[in-house]
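> got a predicted model here, sequence first, then my questions.
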Amino acid sequence: MSEAMLQAVDEDWQRALAVVAHPDDMEYGSASAVARWTGQGKEIAYCLVTRGEAGIDGMDPDEARGVRETEQRASCAAVGVDDVTFLGLRDGALEYGLALRGAIARVIREKRPEIVITNSFRLTWPGGITNQADHIATGRATLDAGRDAGNRWIFTEQLTDGLERWDGVRQVWAAGSPEAGHAVDVTESLDAGVASLREHRAYLDGLGSADFDPDAFLRDLAAAAGERLGTRYAATFEVFSLK
């Protein structure tokens, strides 16, 4: 039986913040959507919770930390993003809880987005592959932080030196969720998304999959989503409304 059709996401907004655990997390499908939105003149900022230092098996974390940050900045530039924040928390050791919620809520209060984007925090990806612990912790914390940021009585220690609560987050979008019911057409921006993933050269080389083709991978993924949206290519999201 074919999967249900997807609804188009609401694009009536101007500012979004993407919060993900690692460099490269946005590039496995969502960067193409970001390229579409920056092309529309929307303001997109990225927040990387870690620097991905545990992501390259053959590279010492102290070296990988700088390499992966550099690659992520180049990756962001490929889709029109120059506002990039690294929280610098420990890769592979993220825990859902007040500390992570608070760190993300602070960035939301600083950037004041209408839409917050994160990775799926379901236990599995579409197809049944198990999700990774950092993704789950970050996604759950991001969803909660979207509401926390608007409550002046939560993380009150942040509300100094002009920083104010921000209750303008309308929705949180979890990319690549097996429960996705929405998507956006990325037919015209897929090439930029592929270029964005290709910037993670050291990471991709470190995976040891010489036959991995970013273009083919992203095109197949986007084509499957596009079939359900009624477009050639699409990127999927599970939408959580906060208002």
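Right, received. Where do you want to start? Only a predicted model underlies this, so the values are computations on that prediction, with no experimental measurement involved.

> any idea which element S75 lies in?
Per DSSP states H and E, S75 falls inside helix 61-77.

> so how far is the helix or strand just after that helix from its chain's centroid?
The helix or strand immediately downstream of helix 61-77 is strand 83-89, counting by DSSP H and E. With CA atoms, centre = their mean, to the nearest Å as the basis, strand 83-89 stands 13 Å off its chain's centre.

> show me what counts as buried in strand 83-89.
Within strand 83-89, the residues that count as buried by 16 or more other CB atoms under 10 Å are V84, T85, F86, L87, L89. Placement of C-beta: from N, CA and C, glycine included.

> who touches the following helix or strand past that strand?
Counting by DSSP H and E, the element after strand 83-89 in chain order, helix or strand, is helix 98-111. Applying CB atoms under 8 Å, 6 or more residues apart in numbering, the contact partners of helix 98-111 are 15, 17, 19, 45, 47, 49, 83, 85, 87, 89, 94, 116, 137-138, 141-142, 144-146, 148-149, 154-155, 158-159, 163-166, 169.

> can I get the buried part of these as one ChimeraX selection?
Here is the ChimeraX command that selects the buried residues among these (16+ other CB under 10 Å):
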select :17,19,45,47,49,85,87,89,94,116,137,138,141,142,144,145,146,148,149,154,155,158,165,166,169
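
> show me where the chain has strands.
For the chain, applying DSSP state E gives strands covering 7-8, 15-20, 43-50, 83-89, 115-119, 171-175, 182-185, 234-241.

> give me the residues contacting the third one.
What it means is strand 43-50. So strand 43-50 is contacted by 14-23, 25-26, 34, 37-38, 69, 72, 76, 80-81, 83-92, 94, 100, 103-104, 107, 111, 113, 134, 138 (CB under 8 Å, 6+ apart).

> who's in contact with the closest residue to G230 other than its chain neighbours?
Excluding the flanking residues, the one nearest G230 by CB to CB, 6 or more residues apart in numbering is M5, at 7.1 Å. The contact partners of M5, by CB under 8 Å, 6+ apart, come to R228, L229, G230.

> count the residues that sit near the second one.
Each residue near L229 was counted by other CB atoms under 10 Å, and the total is 23.

> list the helices and strands the helix or strand of the chain with the lowest mean pLDDT packs on?
Least confident helix or strand, the chain: helix 201-206 with a mean of 91, by mean pLDDT, DSSP states H and E. Packing partners of helix 201-206 (3 or more CB pairs under 8 Å, 6 or more residues apart in numbering; DSSP states H and E): helix 61-77.

> the helix it packs on - what's its average pLDDT?
Averaged across helix 61-77, the pLDDT comes to 97.

> which strands or helices does it pack on?
strand 43-50, strand 83-89, helix 190-198, helix 201-206.

> redo these as CSV? Include distance to D215.
Output for the helices and strands packed on helix 61-77, formatted as CSV (distance: least, CB to CB, whole Å):
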stretch, distance to D215
strand 43-50, 22
strand 83-89, 24
helix 190-198, 5
helix 201-206, 12
